[in-house]
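Undergrad: no FASTA, just this:
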Ligand code: AMP
């Protein structure tokens, strides 16, 4: 179910629990600023999530409150992961669902990386 509103950070959301090691994940990269892991219900041959290690509900929260180093470290990790998955040449898509209308399910800011096949148009036609 999508979140009904993005309020305060819920430290028991599933990604917070993955960060604390309480729930396993198929890790792709972990450093001070980011954790990348395979999505449990992949929508493409490659479907990886990249999350900041800090507690942010959305991109707006992350951009407003994270330190410069966290922001740089996070986006560098997104680029590194795409490269390490060999998606640069064929191409890939990144996506950050935000709030109810975008069907965000987990209230911890994350970027999806999709690839491994032609991905079609950006959105289903209206
Ligand atoms: P979103 O709708 O953007 O919030 O996407 C949340 C994503 O998290 C979905 O694609 C889920 O399949 C994925 N997800 C939920 N729980 C887990 C988990 N334990 N490990 C990996 N991915 C998960």
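TA: Perfect, I can see it now. Only a predicted model underlies this, so the values are computations on that prediction, with no experimental measurement involved.
Undergrad: With the flanking residues excluded, which residue is spatially nearest to residue 18?
TA: Among residues not flanking residue 18 along the chain, residue 25 sits closest, at 4.9 Å (C-beta to C-beta, 6 or more residues apart in numbering). (C-beta placed from N, C-alpha, C; glycine too.)
Undergrad: how deep is that neighbour tucked in, by neighbour count?
TA: By other C-beta atoms under 10 Å, 20 other residues sit near residue 25.
Undergrad: Contacts made by the lengthiest helix in the chain with the rest, please.
TA: Of all segments of type helix in the chain, defined using DSSP state H, the longest is helix 68-84. Helix 68-84 has contacts (C-beta atoms under 8 Å, 6 or more residues apart in numbering) with 28-29, 31-34, 36, 48, 50, 52-54, 62-63, 66, 88, 92, 94, 111, 113, 115.
Undergrad: Good, wrapping up.
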